[in-house]
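K.L.:
Here is a sequence with its predicted model. Questions after.
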Amino acid sequence: MRAVSDSVPPHGWRILRSDAGRLWATRERPFGHAAETAGAARTVDGDDLAELRAVIEEQERIARSAAEERGRRRA
């Protein structure tokens, strides 16, 4: 895998290209337990940068929703 230098990854994520040309992104810090339980994935892939960004945004949305739900339960 090689880092993709021609794009700016979303904050906290690192974008890589496999030897086969597939794009992957990995989150530099793990998600919390609640986010992982809700289905947020730390490593994702996509056919192109637009798809990869959409998948990353979805993982972050899942994590935010899990954190909000956890906050509501504690309140």
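P.N.:
The structure has been received and is ready for your questions.
K.L.:
From the chain's centroid, how far away is the longest helix along the chain?
P.N.:
Counting by DSSP state H, the longest helix found in the chain is helix 49-74. Centroid separation between helix 49-74 and its chain, computed with C-alpha atoms, centre = their mean, to the nearest Å, is 9 Å.
K.L.:
got it, and stretch 31-38?
P.N.:
Distance of stretch 31-38 from its chain centroid, counting by C-alpha atoms, centre = their mean, is 12 Å.
K.L.:
ok so, going back, show me what the longest helix of the chain is packed against.
P.N.:
Where contact means 3 or more C-beta pairs under 8 Å, 6 or more residues apart in numbering; DSSP states H and E, helix 49-74 is packed against strand 13-17, strand 23-27, helix 33-38, strand 43-46. The C-beta positions use only the backbone N, C-alpha and C, and glycine is treated the same way.
K.L.:
Output the ones you listed in CSV, with mean neighbour count, distance to E60 and mean pLDDT appended to each entry.
P.N.:
Shown next, in CSV, are those (neighbours: other C-beta atoms under 10 Å; distance: least, C-beta to C-beta, whole Å; pLDDT from 0 to 100):
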stretch, mean neighbour count, distance to E60, mean pLDDT
strand 13-17, 17, 9, 95
strand 23-27, 19, 9, 97
helix 33-38, 15, 9, 96
strand 43-46, 16, 11, 97
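K.L.:
Can I get these in a markdown table including distance to E57?
P.N.:
Formatted as a markdown table, the helices and strands packed on helix 49-74 follow (distance: least, C-beta to C-beta, whole Å):
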| stretch | distance to E57 |
| --- | --- |
| strand 13-17 | 10 |
| strand 23-27 | 11 |
| helix 33-38 | 14 |
| strand 43-46 | 10 |
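K.L.:
Perfect, I'm done here.
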